[in-house]
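*Asks:* following is a predicted model, sequence given first.
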Amino acid sequence: MDLLLTKEDEEFAARLQGWLDENVIPDWLEKCRDYEDYIQEQIDWEQRLTAGGWAGVWWPTEWGGLGASATQRAIYAELTARAGAPEGIGRTGRRLLGPAVMRYGTQQQREHILPRILTAQDVWCQGYSEPGAGSDLASVRTAARREGDHYVVNGSKIWTSHAQFADHCFILVRTDPTAEKHAGLSILLVDLRSEGVEVRPITQITGRNDFCEVFYKDVIVPAADVLGREGQGWEIAKYILWYERGAVMVFDTLVRIGRHLQQFVRAAPGDPVSLTAVGRAATEHAASRLLAYRVLSEQIRGGDPSDVGSITKLYWSRAWVRLAEAALFTVGENALVSPAGTPGHALTDGFVECRTGTIASGSSEVQRNIIAKRILGLPQA
Amino acid sequence: MDLDLGLEERELLHVIRQVSGRMGTGRTPAEWWQVLGTGGFLDLDVDDGDTALQAVCIAEALGEGIAPISFASYLACRMLLRDVAAAGDGDPLAAAAVTAWQDGGPGGFAVGYATGQAQGLAESLGPAPRFAAVHTADGWLLLDAGSFRLGDPSAWDAEPALAAIDWDEGAGYQAGHGKRDWNQLSVVLHAAELVGVVRESVRRTIEYLRTREQFGRPIGSFQALQHRTADMVADLRACEATVEYVGWFWGNAPDGQAAAAWVSAAAALVDEASVTAMRECFQFHGGIAMTAELWFQHWFRRATRLAAYQGGAPAHLAAVGSAVKAGVTLEVPLTAAS
């Protein structure tokens, strides 16, 4: 074991921190008067990332990226989160679609799509879930019917993050209704300005509109805009989900959980029962981080993210909910208010925010299925 | 950076597992000490993170095979006596204890900790200890025969014998805290042994889930059991990552609040997770787990005992909570900048 970073990693961290110090407006979030302001900050941040050369932190140099190591990508996730930087409106394209296009895309797709993501010209969103296909993702019903040199897409997607601000969406669709459930799926790269696309933002429990429902009615998508082969959709969807659950990306979430923990520590009384609750929350948070390091170490030694990320996700997301509940009930009614002059309602906000961990990117129940079947090899029903 | 076990540690785990497999069950502690001594595993000095991590790996592997010895108590006592010998203050009891250890091996010692005034719990490293090393709030106390008394060994688990200990107030040699707080090493290594006990129990239980059939199919195909197994495995992986990191960190870190908090965090996490995991293993086996015929009884007893030894989860969690409230953080930052 060692915690030592290479000289290159240290230099990377110092360079990034210096840039963050100059570019992150410390109280940008507090200054946002409404959701539009918040989104404008995300858009502005995307431009700043591009100008600063950091948009390509996830990508190899071959495609204009920084060629950052797994450690450096984790450092990026952690330091940007610690600095309180916006995530940027192009996060989905940079983090998820980009690697998939590099691996599965045609040369033409790579040359067209990747530079436009890097330069923030195109914002992408991810269209997986449907009203009738959440955890059972492979049962998607949105259909893409091949007609000559194009597909005709009909159906709807839900929980599509920031679709109202995106130019394009990569969607998981059924291209062969006669094939076996997982085999009949494909990924289509859809221009959201196409005729027949309707985007409806969803108001969340937090009051924000991060998610949308997206309707596709007779939307024409050129056949050249399939990612990978027709019928390869499930494989690609899983590849992208591995990235979404991978060790590198969890480091910014862990920073957010760490802030939640600090709020709990500050607000908790000093009686033995409360101290035990604080101790459990701090211990499980530390363990979450150490589990993430295990997966990161695996990636540093070589290899793509794998199903092991499911163990990490199951653990940290469960621990976060426990932390949130312990904080609320330990602190009691004082958790409902903030001391005068303190912005936000950290403990109640966190009580809601933590729910995304056990639902998004595959619910905890899906993670348990993956662990049981793919990692432990338990028999199929 | 790499926060996983390296090739050297994995090889060590493998070798101890092989030793454990050859020993099987029914061997005496003396036979175990001899075999481990011949292999050079008892010569380990914990002087840094790497050696502390090696100790963790040995404890884990011995836990998997529920060897009838306490490597944790052994190593804590070995390191304490090394400090005592180095101090060389001429105390006859201290000198006698060091000589007894060097000449007679660990079998003549009981090692434990205080739970109250002149009383505590101790693990015997052999059948008739002539010396006892007890960790108290004032540091370690070395006692010789006649100044301490061991109660009847716990009926809960035969070996290594665990017993109540009491001693004459004012008796013995005050060895202080030693170069390091070796009781913290003992806590970490007991937690590591418990990780091993649970890991083997979970491994065997998963095998049972694959083969045991009810309603015409393996019970491991039922989602009700699959999900509980996944939770158990996630907890176990977190325990492994934590206890191995804490061993390494403790070996490298100067003593202090952070080291104490990390040690308590590891102990609490493993203690709690082990109780849950062993409950699940018990439940998944059903009635057969209630019998003395199944392997499980031995692992269940050892796990239960280890989870309660050195304080149990609530005490450790409260210690972590107090430390965190006082400003200690259990952070493993990626960079100095973070």
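*Replies:* Yep, that arrived.
*Asks:* who in the stretch 101-250 of chain B is up against chain A?
*Replies:* Counting by CB under 8 Å from any CB of the partner chain, the residues of the stretch 101-250 of chain B close to chain A are B:206, B:209-210, B:217-218, B:220-223, B:226-227, B:229-231, B:233-235, B:237-239, B:241-242, B:244-245, B:248. All C-beta spots, glycine's among them, are computed from the backbone N, C-alpha and C.
*Asks:* any of these buried? List them.
*Replies:* Among those, the ones that count as buried by 16 or more other CB atoms under 10 Å in any protein chain shown are B:206, B:209-210, B:218, B:220-222, B:226-227, B:229-231, B:233-235, B:237-239, B:241-242, B:244-245, B:248.
*Asks:* quick check: the gap between B:P29 and B:P68.
*Replies:* 5 Å (CB to CB, to the nearest Å).
*Asks:* name the residues contacting each of those two.
*Replies:* In terms of CB atoms under 8 Å, 6 or more residues apart in numbering or on different chains, B:P29 and B:P68 are both contacted by the residues B:E159, B:P160.
*Asks:* tell me who's in contact with B:S124.
*Replies:* By CB under 8 Å, 6+ apart, the neighbours of B:S124 are B:F109, B:A110, B:L150, B:P153, B:P160, B:A161, B:L162, B:A163.
*Asks:* buried set for the helix or strand that contains A:L275?
*Replies:* A:L275 belongs to helix A:272-300 when assigned by DSSP states H and E. Along helix A:272-300, these residues count as buried under the neighbour rule (16+ other CB under 10 Å): A:274-300.
*Asks:* what helix or strand is the residue nearest to A:S156 when sequence neighbours are not counted on?
*Replies:* In space, and not counting its chain neighbours, A:S156 is closest to A:F215: 4.7 Å by CB to CB, 6 or more residues apart in numbering or on different chains. Assigned by DSSP H and E, A:F215 belongs to strand A:211-222.
*Asks:* and that strand, what's buried?
*Replies:* A:F211, A:C212, A:E213, A:V214, A:F215, A:Y216, A:V219, A:V221.
*Asks:* partner strands of it, parallel or antiparallel?
*Replies:* strand A:150-161 (antiparallel), strand A:197-202 (antiparallel) (DSSP bridges).
*Asks:* mind putting those into a markdown table with mean pLDDT and distance to B:G170?
*Replies:* Formatted as a markdown table, the strands paired with strand A:211-222 follow (pLDDT from 0 to 100; distance: least, CB to CB, whole Å):
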| stretch | mean pLDDT | distance to B:G170 |
| --- | --- | --- |
| strand A:150-161 | 96 | 70 |
| strand A:197-202 | 96 | 73 |
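*Asks:* pLDDT at the residue nearest to A:S156, what is it?
*Replies:* On the pLDDT scale, A:F215 is placed at 98.
*Asks:* wait, it touches A:V153, no?
*Replies:* No - here A:F215 does not reach A:V153: they are 10.3 Å apart, not a contact under CB atoms under 8 Å.
*Asks:* how many neighbours does A:R95 have?
*Replies:* Neighbourhood size, A:R95 [other CB atoms under 10 Å in any protein chain shown]: 22.
*Asks:* is it true that it touches A:L241?
*Replies:* No - in this structure, A:R95 is not within contact of A:L241 by CB under 8 Å, at 12.0 Å.
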